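Asks: no sequence for this one, just the structure:
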């Protein structure tokens, strides 16, 4: 990877690593514009000040836009989320693997409630 490519990746990761940045993008993934208040509710747990800061950064980066109906992903933002969409499939597989680990004898949880939850973990086929 070239120095230029490394710099681009570093800049993108710095943007996405900011607290709640990915959650804001994820909340906008359905393509419908959201008002500030609706977006705050969609993200959950984010203060108005933090949301305002994230939106400013994401708008400056060109991945979020603001129009008459509220905030939405730009074409660049849609492209980014399309590329990150594999995370959803990975997360499902990872969650199942973690539940299996918790239920294994070498990783038996001390809390009986966790142990029984691991037994009830979904066993959807892994693709």
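Replies: Everything's here; your move. The shown structure was predicted, so the numbers you read here are calculated from the model rather than taken from an experiment.
Asks: Outline the domain layout of the chain.
Replies: Taking automatic domain parsing as the criterion, the chain consists of the domains 3-84, 86-119.
Asks: would TSV of those domains with mean neighbour count and mean pLDDT be doable?
Replies: C-betas here are computed from N, CA, C, even on glycine. Listed next are these as TSV, based on neighbours: other Cβ atoms under 10 Å; pLDDT from 0 to 100:
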stretch	mean neighbour count	mean pLDDT
domain 3-84	15	95
domain 86-119	12	69
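Asks: Who are the contact partners of residue 54?
Replies: Residue 54 makes contact with 18, 19, 20, 21, 24, 46, according to Cβ atoms under 8 Å, 6 or more residues apart in numbering.
Asks: The helix or strand harbouring it: what's the following helix or strand?
Replies: Assigned by DSSP states H and E, residue 54 belongs to helix 48-60. Next helix or strand after helix 48-60 toward the C-terminus (DSSP H and E): strand 64-67.
Asks: Parallel or antiparallel, which strands does that following strand pair with?
Replies: When sheet partners are counted by DSSP bridges, strand 64-67 sits next to strand 70-73 (antiparallel).
Asks: How confident was the prediction at residue 125?
Replies: Looking at residue 125, its pLDDT stands at 45.
Asks: what packs against the one helix or strand residue 90 maps to?
Replies: According to DSSP H and E, residue 90 maps onto helix 86-103. Secondary-structure packing of helix 86-103 (3 or more Cβ pairs under 8 Å, 6 or more residues apart in numbering; DSSP states H and E): helix 112-119.
Asks: Quick one: classify residue 25 as helix, strand or coil.
Replies: helix (DSSP: H, G, I helix; E, B strand; the rest coil).
Asks: from memory it sits against residue 79, does it?
Replies: No: Residue 25 lies out of contact with residue 79 (Cβ atoms under 8 Å); the separation is 11.5 Å.
Asks: could the contacts of residue 54 go into JSON lines alongside secondary structure?
Replies: Shown next, in JSON lines, are these (three-state DSSP):
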{"residue": "18", "secondary structure": "coil"}
{"residue": "19", "secondary structure": "coil"}
{"residue": "20", "secondary structure": "coil"}
{"residue": "21", "secondary structure": "helix"}
{"residue": "24", "secondary structure": "helix"}
{"residue": "46", "secondary structure": "coil"}
